[in-house]
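Peer 1: Any chance you can model this:
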Amino acid sequence: MATIRDVASHAGVSLGTASRALTGSGPVSEASREKVLEAAKELGYRVNKAARSLRTNRTDTIGLLVSDVRNPFFAELAYVIDRTAAQHGRVVITMNADESVEGQTRALKAFKQEGVDGLIAVPQDGSLTGFPEDIPTVFVDRTSSSSDPAVATPPVVSTDHYEGMAQLVRYLVEKGHTDIGLISGSLHTSTGRTRKEAAVEELARHGLKMREECFAYGDFQWEKGRIAALKIFDQEILPTALIAGDNMMAIGALRAAQERNIKIGQDIALVAFDDLPAFELISPPLTVVAQDVEGLGRQAVDSLELLLAGKKASDITLPAQMIVRESCTIAPHRLSDLRKE
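Peer 2: Numbers count the residues shown, from 1 in each chain. Got it, this is the predicted structure:
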């Protein structure tokens, strides 16, 4: 059975370098790390995690709390975080909050019992409920709603949700739309609040106001997005454009349009916050604002590594990218008086 000395000798490095490369316990060059990992693979060497945990009080595990594992955005984010954490020699334990504080509390208790070294979390309803003060934590995508200056909040890695939504509104206005509807996520979340606020304020900058009947909540889930879209589609006068507050609610809006025989890109324009590979393939392809999921995941892990090393991590905000496709080719003047039959 191979030992760490065998790995060091095979890789041509010192015992200390091999140990640091395999355990992530200290600095080591990327070239040396690759040599050591390759040697360990060839020799079939495995780090004894249980024994190491007893010696160092570390488990090399990270807890990852996401809002809804069924949402492709969070699935991709979890993939990036898992892949990035592995480069640091860490294993990720992922749990689903199901968009609820109760789910969050259950997951945090489990992470505590598992003895994770750190947490990366999408906070539910902005709540700090259940987050252990003794475990380094980084928030990703959403922020805490706590306004108490005495309460220390974790560093946040997120997209510029405000500017991303403002981009969508500006694009629609530039295309001639003045009657725009919105399917919003829950206002209990920072993303829902910020995106709605950005839509309303950007419309106001152009002298426009959203009709009350053209606004509905979809709670970041496709079925609720469908119900919200039906509410808007069933109004006597359709808006000429509709913004879905995330990709799942956009899927719901697409389904609702099928049910009401409304043609996207002809009868109404549809845009979304968040992208999906399928949005490029449907007819017409959907115009979106996309988040840098790769960047979010990598930055979240890097921030947590700083905390685990006893260093400070600051908030990081990444830009959203406007991706123009073909779902807004509608001629607004044809629809300004469109009425449901």
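Peer 1: tell me, how many neighbours does residue 250 end up with?
Peer 2: Look at residue 250: counted by other CB atoms under 10 Å, it has 29 neighbours. Quick note: C-beta positions are derived from backbone N, CA and C, even for glycine.
Peer 1: go on, residue 259?
Peer 2: Neighbourhood size, residue 259 [other CB under 10 Å]: 11.
Peer 1: so what's it up against?
Peer 2: Going by CB atoms under 8 Å, 6 or more residues apart in numbering, residue 259 touches residue 230.
Peer 1: pLDDT score for it?
Peer 2: On pLDDT, residue 259 comes in at 97.
Peer 1: what ranges do the helices span in the stretch 1-150 of the chain?
Peer 2: For the stretch 1-150 of the chain, the helices defined by DSSP state H, counting those that start in this stretch occupy 4-11, 15-23, 30-43, 49-56, 72-87, 101-114.
Peer 1: Minimum distance to residue 172: which of those helices has it?
Peer 2: Closest to residue 172 of the helices of the stretch 1-150 of the chain is helix 72-87 (CB to CB; 22.1 Å).
Peer 1: Now render the helices of the stretch 1-150 of the chain as a markdown table, adding mean neighbour count and mean pLDDT.
Peer 2: Converted to a markdown table, these look like this (neighbours: other CB atoms under 10 Å; pLDDT from 0 to 100):
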| stretch | mean neighbour count | mean pLDDT |
| --- | --- | --- |
| helix 4-11 | 18 | 86 |
| helix 15-23 | 20 | 79 |
| helix 30-43 | 16 | 87 |
| helix 49-56 | 12 | 48 |
| helix 72-87 | 19 | 95 |
| helix 101-114 | 17 | 91 |
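Peer 1: Relative to residue 202, which of those helices is closest?
Peer 2: helix 72-87 (22.4 Å).
Peer 1: re the thing from before, could you dump the helices of the stretch 1-150 of the chain into JSON lines and include distance to residue 182?
Peer 2: Putting those into JSON lines (distance: least, CB to CB, whole Å) gives the following:
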{"stretch": "helix 4-11", "distance to residue 182": "57"}
{"stretch": "helix 15-23", "distance to residue 182": "49"}
{"stretch": "helix 30-43", "distance to residue 182": "46"}
{"stretch": "helix 49-56", "distance to residue 182": "48"}
{"stretch": "helix 72-87", "distance to residue 182": "19"}
{"stretch": "helix 101-114", "distance to residue 182": "25"}
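Peer 1: Please identify which of those is closest to residue 195.
Peer 2: helix 72-87 (13.5 Å).
Peer 1: what comes into contact with the closest one?
Peer 2: Applying CB under 8 Å, 6+ apart, the contact partners of helix 72-87 are 62, 64, 66-69, 91-92, 94, 120, 122, 140-141, 246-248, 274, 276, 291, 293-294, 296-298, 300-302.
Peer 1: Mind listing residues that contact stretch 8-27?
Peer 2: For stretch 8-27, contacts defined as CB under 8 Å, 6+ apart pick out 4-5, 7, 28, 32-33, 35-40, 42-43, 45, 47, 52, 56, 60, 88-90.
Peer 1: For the stretch 151-300 of the chain, which segments count as strands?
Peer 2: Using DSSP state E, counting those that start in this stretch, the strands of the stretch 151-300 of the chain run over residues 156-159, 180-184, 215-217, 241-244, 269-273, 287-290.
Peer 1: Would you mind giving these as JSON lines with distance to residue 23 and mean pLDDT added?
Peer 2: What follows is these, written out as JSON lines (distance: least, CB to CB, whole Å; pLDDT from 0 to 100):
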{"stretch": "strand 156-159", "distance to residue 23": "25", "mean pLDDT": "97"}
{"stretch": "strand 180-184", "distance to residue 23": "46", "mean pLDDT": "97"}
{"stretch": "strand 215-217", "distance to residue 23": "47", "mean pLDDT": "95"}
{"stretch": "strand 241-244", "distance to residue 23": "45", "mean pLDDT": "97"}
{"stretch": "strand 269-273", "distance to residue 23": "41", "mean pLDDT": "97"}
{"stretch": "strand 287-290", "distance to residue 23": "37", "mean pLDDT": "97"}
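Peer 1: end to end, how far does stretch 261-279 reach?
Peer 2: Using CA to CA, to the nearest Å, one end of stretch 261-279 lies 19 Å from the other.
Peer 1: Now do it: distance to the chain's middle.
Peer 2: Computed by CA atoms, centre = their mean, to the nearest Å, the chain-centroid distance of stretch 261-279 equals 21 Å.
Peer 1: list the buried ones in that stretch?
Peer 2: Across stretch 261-279, burial judged by 16 or more other CB atoms under 10 Å covers 262, 264-265, 267-276, 279.
Peer 1: Quick one, which of the contacts of helix 72-87 are buried?
Peer 2: Neighbour counting by 16+ other CB under 10 Å classes 62, 64, 66-68, 92, 94, 120, 122, 140-141, 246-248, 274, 276, 291, 293, 296-298, 300-301 among the contacts of helix 72-87 as buried.
Peer 1: re the thing from before, who wins for proximity to residue 308 among the helices of the stretch 1-150 of the chain?
Peer 2: Proximity to residue 308 (CB to CB) singles out helix 72-87 among those, at 11.1 Å.
Peer 1: circling back to that earlier point, can I get the buried residues of stretch 261-279 in TSV including distance to residue 126?
Peer 2: Putting these into TSV (distance: CB to CB, whole Å) gives the following:
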residue	distance to residue 126
262	35
264	33
265	36
267	37
268	32
269	31
270	28
271	26
272	23
273	18
274	19
275	25
276	26
279	28
